[in-house]
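Asker: Mind folding the following:
(chains A and B)
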Number of protein chains: 2
Amino acid sequence: MDYKTHRSIRSFLPKEVAPALLESIVATGARASNTGNMQTYSVVISRTQEERAALAPLHFNQPMVLQAPLLLTICADFNRFSSWCTLRGAKPGYLNLMGLLAGTTDAMLFAQNMAVAAEESGLGICYLGTTLYSMEAMCQQLKLPRGVVPIVAMVMGYPAEEPQLTERITPSALIHYGSYQQYTPQQLEAIYQPIEELPANIQYVKENSKPSLAHVFTEVRYRPALYAELSGQIAETLRKQGFEI
Amino acid sequence: MDYKTHRSIRSFLPKEVAPALLESIVATGARASNTGNMQTYSVVISRTQEERAALAPLHFNQPMVLQAPLLLTICADFNRFSSWCTLRGAKPGYLNLMGLLAGTTDAMLFAQNMAVAAEESGLGICYLGTTLYSMEAMCQQLKLPRGVVPIVAMVMGYPAEEPQLTERITPSALIHYGSYQQYTPQQLEAIYQPIEELPANIQYVKENSKPSLAHVFTEVRYRPALYAELSGQIAETLRKQGFEI
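Answerer: All right, here's what the predicted structure looks like:
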């Protein structure tokens, strides 16, 4: 498995990841580009069963959190860089929307380069988007100081499964040459019909008793009311962590 | 050059990137993980000299924008997904802080997987953080509709240089086992001194007539006043693009 054929792994062998391998994965992650070489990210690594058990409820008790030997929480981190600036008598000031976006983009480049390195080493990973759902509790559990917020997490370990490649919309639908071309209804049909017609998705719509796959998204999986609620919670957490948002 | 030894490339050979290669890079990018398989990202590709010339000022006329055969602007895109939902009679509602962060993280995973694929194919890339500096003008130039915002850009082409590997802080400084450990002044010294003592950085501090490298960051390169100003501009652009922030 490599970055071209990534599968999210949710079932792991009971085999530890050697500390030296883990550290080399972090080092490789840090080779990714970042803003001005400020490296405004950190990773909190939960290795013990106890540490992962404390975080499991924040990830809605997805079994892989306990089953995987490693849980990595990747954070946007302006604390380390700012602390160094202050130590030198310089005056940092990056806790705002621009800082949040710069720190988030850098954290994600770091995360994905780690994912690529892990998969090349025979490990499997699965990202946990639930990190954004439980930001406040995660800050407390991981003792994140001012200037640090969790952005994404991933479980990591040796795969005990080899899932099918997940479907994607046709890559040409992602590309706009020159400028953005608004999609016509006909184009949207052509893009999404192949996804909607997959037997697994037909079954999925049926199980949820919804009129279409789109309704499963908006009424079950990613309800607008949930997104609105989370937005308020995230803004509050960001402010608690020192960001003027 | 691969993802383990990434160098940002700012000088390119006058050689086109074959369209099929470019499309395979986008396809590989889309193999990266994303939130719920909603694929809330797009890429605007500027291939002609004219298209890149129009964007060059928005990237502060960095020469590589005109010199590279390709400029890719990676966007968080809730327009395509939401348009499909609406077409099916479902009611999307993701234009808020949670949507912005989910779209941004997905756009960055897509971007970095493209970067890895490009480098493995013998191409070089350089990210352009200036995208966040010129968000509003970029929305207009690229005709981005409601629900779409540019997050990062990258130039891409065949390298005409092989720069040295950029320094990074020691990887162990990025890792927190179990929970976040605040850095002591002694630890900060140990982390940043090797960076400060690099001849290039000593020279850099001297050229800027500043007391330390940290001052070059806070008073020249990434001034807090600039970050504050950009935060206001970004918030305004996000609202114009439909995000309730």
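Asker: check contacts around the spatially most distant residue from the centre of chain A.
Answerer: Going by C-alpha atoms, centre = their mean, the residue of chain A most distant from its centre is residue A:89, 34.7 Å out. By C-beta atoms under 8 Å, 6 or more residues apart in numbering or on different chains, residue A:89 lies in contact with B:211, B:212, B:214, B:215. The C-beta positions use only the backbone N, C-alpha and C, and glycine is treated the same way.
Asker: Look at the nearest residue to the last one once chain neighbours are set aside and tell me its secondary structure.
Answerer: If you skip the residues right next to it in sequence, residue B:215 has residue A:90 as its closest partner in space, 4.5 Å away by C-beta to C-beta, 6 or more residues apart in numbering or on different chains. Using DSSP: H, G, I helix; E, B strand; the rest coil, the structure places residue A:90 in coil.
Asker: And for residue A:90, the neighbour number?
Answerer: Using other C-beta atoms under 10 Å in any protein chain shown, the number of residues around residue A:90 comes to 19.
Asker: That one contacts residue B:218, doesn't it?
Answerer: Yes. Shown here, residue A:90 and residue B:218 form a contact pair, counting by C-beta atoms under 8 Å, at 4.3 Å.
Asker: next one: stretch A:210-221 to chain centre, how far?
Answerer: In terms of C-alpha atoms, centre = their mean, to the nearest Å, the centre of stretch A:210-221 is found 23 Å from the chain centre.
Asker: repeat for stretch A:7-20
Answerer: On C-alpha atoms, centre = their mean, the centre of stretch A:7-20 falls 18 Å from the chain's centre.
Asker: Check whether it comes near chain B.
Answerer: Yes. Shown here: stretch A:7-20 in contact with chain B (C-beta under 8 Å from any C-beta of the partner chain) through residue A:8.
Asker: For that stretch, measure first residue to last.
Answerer: With C-alpha to C-alpha, to the nearest Å applied, stretch A:7-20 spans 24 Å between its terminal residues.
Asker: mean confidence score for it?
Answerer: Mean pLDDT, stretch A:7-20: 97.
Asker: That stretch: which residues count as buried?
Answerer: Using 16 or more other C-beta atoms under 10 Å in any protein chain shown as the test for burial, stretch A:7-20 gives A:7, A:8, A:9, A:10, A:11, A:12, A:17.
Asker: Repeat that for stretch A:202-209.
Answerer: For stretch A:202-209, by 16+ other C-beta under 10 Å, it's residue A:205.
Asker: what mean pLDDT would you report for it?
Answerer: 97.
Asker: following the longest helix along chain A, which helix or strand shows up next?
Answerer: Ranked by number of residues, the top helix in chain A under DSSP state H is helix A:97-120. Next along the chain after helix A:97-120, taking DSSP states H and E as the criterion, comes strand A:124-128.
Asker: picking that back up, which strands and helices sit next to the longest helix of chain A?
Answerer: Contact here means 3 or more C-beta pairs under 8 Å, 6 or more residues apart in numbering or on different chains; DSSP states H and E; on that basis helix A:97-120 packs against helix A:19-29, strand A:41-46, strand A:70-77, strand A:124-128, strand A:148-157, helix B:97-120, strand B:148-157, helix B:224-240.
Asker: Next one: the closest residue to residue A:161 other than its chain neighbours from residue A:111, what distance?
Answerer: Among residues not flanking residue A:161 along the chain, residue A:11 sits closest, at 4.4 Å (C-beta to C-beta, 6+ apart). From residue A:11 across to residue A:111, the span is 21 Å (C-beta to C-beta, to the nearest Å).
Asker: What of residue A:166?
Answerer: Counting by C-beta to C-beta, the gap from residue A:166 to residue A:111 is 19 Å.
Asker: Same question for residue A:120.
Answerer: 15 Å.
Asker: next one: residue A:156
Answerer: 11 Å.
Asker: for residue A:35, same thing?
Answerer: From residue A:35 across to residue A:111, the span is 15 Å (C-beta to C-beta).
Asker: Please apply the same query to residue A:46.
Answerer: 15 Å.
Asker: Would you mark the buried spots in the helix or strand harbouring residue A:187?
Answerer: Residue A:187 is part of helix A:185-196, with elements assigned from DSSP H and E. Residues A:188, A:191, A:192, A:195 are the ones in helix A:185-196 that count as buried (16+ other C-beta under 10 Å).
Asker: show me which of these neighbour chain B.
Answerer: A:188, A:191, A:192.
Asker: what residues are up against the residue nearest the centre of chain A?
Answerer: Per C-alpha atoms, centre = their mean, the C-alpha nearest to the average position across chain A is that of residue A:152, at 3.4 Å. By C-beta under 8 Å, 6+ apart, the contact list for residue A:152 reads A:73, A:74, A:107, A:108, A:111, A:127, A:128, A:129, A:131, A:132, B:105.
Asker: Skipping adjacent residues, who's closest to the third one in space?
Answerer: Excluding its sequence neighbours, the residue lying closest to residue A:107 (C-beta to C-beta, 6+ apart) is residue A:41, at 4.1 Å.
Asker: ok, now which ones touch the one you found?
Answerer: Residue A:41 makes contact with A:34, A:74, A:75, A:76, A:77, A:103, A:106, A:107, A:110, B:174, according to C-beta under 8 Å, 6+ apart.
Asker: who does it bridge with?
Answerer: Counting by DSSP bridges, residue A:41 forms beta bridges with residue A:76.
Asker: What values do phi and psi take at the residue nearest to residue B:215?
Answerer: Per-residue torsions, residue A:90: phi -90, psi 160 (degrees, to the nearest 10).
Asker: residues contacting it?
Answerer: Contacts of residue A:90 (C-beta under 8 Å, 6+ apart): B:212, B:214, B:215, B:217, B:218, B:219.
Asker: number of nearby residues for the third one?
Answerer: Going back to what we said before, that points to residue B:215. 18.
Asker: The fourth one too?
Answerer: The tally of other residues near residue B:217 (other C-beta under 10 Å) stands at 22.
Asker: Surely it touches residue A:37?
Answerer: No. Residue B:217 lies out of contact with residue A:37 (C-beta under 8 Å); the separation is 9.4 Å.
Asker: what is in contact with these two at once?
Answerer: Here residue B:217 and residue A:37 have no joint contacts, going by C-beta under 8 Å, 6+ apart.
Asker: The closest residue to residue A:172 other than its chain neighbours: neighbour count?
Answerer: In space, and not counting its chain neighbours, residue A:172 is closest to residue B:23: 7.1 Å by C-beta to C-beta, 6+ apart. When counting by other C-beta under 10 Å, one arrives at 15 neighbours for residue B:23.
Asker: Please read off the pLDDT at residue A:3 from the model.
Answerer: 89.
Asker: Send me stretch A:81-100 as CSV with only the CA atoms.
Answerer: Taking only C-alpha atoms (Å, rounded to 0.1, in the frame of the first residue of the first chain), the coordinates of stretch A:81-100 have been written out as CSV:
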residue,chain,number,x,y,z
PHE,A,81,7.6,29.3,18.2
SER,A,82,6.1,32.2,20.2
SER,A,83,7.9,31.0,23.4
TRP,A,84,11.2,31.1,21.6
CYS,A,85,10.4,34.6,20.2
THR,A,86,9.6,35.8,23.7
LEU,A,87,12.7,34.2,25.1
ARG,A,88,14.7,36.3,22.6
GLY,A,89,12.9,39.5,23.5
ALA,A,90,10.9,39.6,20.2
LYS,A,91,7.2,40.2,20.2
PRO,A,92,5.1,37.4,18.6
GLY,A,93,1.4,37.9,17.8
TYR,A,94,0.0,35.2,15.6
LEU,A,95,-3.2,34.0,17.5
ASN,A,96,-5.8,35.1,15.0
LEU,A,97,-7.6,33.8,11.9
MET,A,98,-4.5,34.1,9.7
GLY,A,99,-2.4,32.3,12.3
LEU,A,100,-5.1,29.6,12.6
